[in-house]
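Visitor: Fold the following.
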Amino acid sequence: MLHNINIAVMRISECSNIDDLRIHAADGLFLPDLPDQFIDLNRQLNDCLDLWSFDLFKYEQCLIELHRTVVHFQFQHQEAINRVLKHYLSRYVHGETTSTFVLYAGNEQAD
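Guide: Numbering: from 1, shown residues only. Predicted coordinates:
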């Protein structure tokens with residue numbers, strides 16, 4: 001939206017009859033400094049767009065890094081779970097009963 005406003009302001013400020021509008025409208029009292037206002041508004045819009053673009057880029061980089069970190073932790077967590085499951089499966093395959101390595105396996109009151 002700001003881009004469209006910026007384009008419109010630039011187009012209006014480029015019109016050749018702006019000076020005629022300024023001079024002849026209401027004996028020169030209506031919009032006396034219109035070109036200067038357009039230039040100032042255009043500068044402000046460009047400054048806002050530059051700032052927002054920088055902020056969006058910065059936040060995008062933070063979100064990318066956060067996503068990488070989450071994926072890394074998910075991978076580490078899955079590897080740890082796989083190691084634990086392999087450990088207990090190996091113990092079970094080698095003849096141990098679950099009551100020797102799973103706490104409360106024989107407890108009827110366990111939650």
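Visitor: Could you identify the helix or strand that succeeds the helix or strand bottoming out on mean pLDDT in the chain?
Guide: The helix or strand of the chain with the poorest confidence is helix 18-24; it has a mean of 55 (mean pLDDT, DSSP states H and E). Following helix 18-24 in sequence order, the next helix or strand is helix 34-93 (DSSP states H and E).
Visitor: Pull the helix or strand just after that next one out as PDB, backbone CA atoms only.
Guide: Per DSSP H and E, helix 34-93 leads on to helix 98-101 as the next helix or strand towards the C-terminus. Only the C-alpha atoms of helix 98-101 are listed here, as PDB (Å, rounded to 0.1, in the frame of the first residue of the first chain):
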ATOM      1  CA  THR A  98      10.900 -56.100  31.500                       C
ATOM      2  CA  SER A  99      10.500 -56.000  35.300                       C
ATOM      3  CA  THR A 100      14.400 -55.800  35.600                       C
ATOM      4  CA  PHE A 101      14.800 -52.700  33.500                       C
END
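Visitor: Understood, closing this out.
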